[in-house]
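Next one to model:
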Amino acid sequence: QVQLVESGGGSVQAGGSLRLSCAASGYTSSKYCLNWFRQAPGKEREGVASIDSDGRTRYADSVKGRFTISQDKLMNTLYLEMNNLKPEDTAMYYCRYAVPMFCFTSRFGIWGQGTQVTVSA
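Below is the predicted model:
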């Protein structure tokens, strides 16, 4: 059974940086998609970045050039490096594991419990 545990959230001032981690375990498929999503209060969950088992990455326009998604396959850990943070980045951040066909939808997959990121002006 796939399990995901996020960490690394916190409170920073605008312009600061954070690195989120997601420790993954229990998946055996060689083909998969790992995502970071976020959800702010009163807003829908949105995709932030994705990386598949072949290393291909995609980003939301709002984070391009500021966020970097990566994975350490040896350590089974997913990362999200966030630089030049803005108040509008404030949200609960979730990592998600899914089969490749669901990489660009939030409808399916296994989710972590989330980690809070708060950016003050």
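
beta partners for the residue nearest to the spatial centre of the chain?
What sits nearest the mean C-alpha location of the chain, by C-alpha atoms, centre = their mean, is residue 36, with 2.0 Å. Per DSSP bridges, the residues bridged to residue 36 are residue 49, residue 95.

ok, it - contacts?
Going by C-beta atoms under 8 Å, 6 or more residues apart in numbering, residue 36 touches 20, 22, 47-50, 69, 78, 80, 93-96. For the C-beta atoms, the positions are set from N, CA and C on the backbone; glycine is no exception.

List the residues that contact residue 119.
11-14, 16, 85-90.

One more pass at 7 Å, please.
Residues in contact with residue 119, defined by C-beta atoms under 7 Å, 6 or more residues apart in numbering, are 12, 14, 85-87, 89-90.

Nearest to residue 109 among these?
Relative to residue 109, the closest of the contacts of residue 119 is residue 89; by C-beta to C-beta it sits at 22.4 Å.

Wait, that closest one touches residue 120, no?
No: the criterion here is C-beta atoms under 7 Å, and residue 89 misses it with residue 120 at 11.0 Å.

Look at these two and report which has more neighbours.
More crowded of residue 89 and residue 120, by other C-beta atoms under 10 Å: residue 89, with 22 against 11.

And the more buried one, how far from residue 2?
Noted for residue 89: a distance of 27 Å to residue 2, by C-beta to C-beta, to the nearest Å.

Dump the contacts of residue 119 into TSV; add secondary structure and distance to residue 28 as well.
Converted to TSV, these look like this (DSSP: H, G, I helix; E, B strand; the rest coil; distance: C-beta to C-beta, whole Å):
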residue	secondary structure	distance to residue 28
12	strand	36
14	coil	41
85	coil	35
86	coil	38
87	helix	40
89	helix	33
90	coil	36
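
Quick one: buried ones out of those?
By the neighbour-count criterion of 16 or more other C-beta atoms under 10 Å, the contacts of residue 119 include these buried positions: 12, 85, 89-90.
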